[in-house]
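*Asks:* one predicted model, sequence on top.
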Amino acid sequence: QLVESGGGLVRPGGSLRLSCAASGLSLDQYDIAWFRQVPGKEREGVSFRSDTDGLTYYADFVKGRFTTFRDNAKNTVDLQMHSLKPEDTAFYYCAATKFYAGEGWPRILYDYWGQGTQVTVSS
């Protein structure tokens with residue numbers, strides 16, 4: 001089971017750190033993605049941390065602003081978000097899969113999903 005936390009209301013240009021915590025599974029054995037979705041729009045991939053190839057993939061719209069961190073001691077994978085924009089407002093989810101590497105990560109099947117956390121960027 002995955003549980004996200006850290007969402008909230010932030011002003012444009014501000015920062016938030018989301019956390020994806022796991023119970024019943026060890027995240028260090030999984031490749032972890034962050035997705036986001038706005039009502040009425042398709043879900044879009046934000047980042048994918050692959051332990052399979054050791055790379056972290058980011059969507060173009062967050063490159064240079066968002067960073068994914070893994071903390072194996074806490075069994076969490078965090079998404080640090082800086083320079084937030086109103087268009088970053090969305091429900092953010094984490095998801096876990098195994099043994100995947102490559103640019104197709106937003107379209108593969110994931111084994112576990114969290115329930116999501118709302119991020120609102122507004123002045």
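*Replies:* The structure has been received and is ready for your questions.
*Asks:* tell me which residue is most central in the chain.
*Replies:* Ranked by distance to the mean C-alpha position of the chain (CA atoms, centre = their mean), the top residue is W34 at 2.3 Å.
*Asks:* all strands in this protein, in order from the N-terminus.
*Replies:* Assigned by DSSP state E, the chain shows strands spanning 2-5, 8-10, 16-22, 31-37, 44-49, 56-58, 66-71, 76-81, 90-97, 112-113, 117-121.
*Asks:* turn the ones you listed into TSV, including mean pLDDT.
*Replies:* What follows is these, written out as TSV (pLDDT from 0 to 100):
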stretch	mean pLDDT
strand 2-5	96
strand 8-10	98
strand 16-22	97
strand 31-37	97
strand 44-49	96
strand 56-58	95
strand 66-71	94
strand 76-81	97
strand 90-97	97
strand 112-113	96
strand 117-121	98
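*Asks:* possible to save these as TSV with distance to P106?
*Replies:* For glycine as for every other residue, the C-beta is placed from the backbone atoms N, C-alpha and C. As requested, the strands of the chain are exported to TSV (distance: least, CB to CB, whole Å):
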stretch	distance to P106
strand 2-5	17
strand 8-10	24
strand 16-22	16
strand 31-37	7
strand 44-49	3
strand 56-58	9
strand 66-71	14
strand 76-81	15
strand 90-97	10
strand 112-113	14
strand 117-121	18
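*Asks:* select, out of those, the one closest to W105.
*Replies:* strand 44-49 (3.9 Å; CB to CB).
*Asks:* which strands and helices lie in contact with the closest one?
*Replies:* Based on contacts counted as 3 or more CB pairs under 8 Å, 6 or more residues apart in numbering; DSSP states H and E, the elements that strand 44-49 packs against are strand 31-37, strand 56-58, strand 66-71, strand 76-81.
*Asks:* chain center to that strand, what's the gap?
*Replies:* On the basis of CA atoms, centre = their mean, to the nearest Å, strand 44-49 sits 6 Å off its chain's mean C-alpha point.
*Asks:* parallel or antiparallel, list what pairs with that strand.
*Replies:* Strand 44-49 sits in its sheet next to strand 31-37 (antiparallel), strand 56-58 (antiparallel), going by DSSP bridges.
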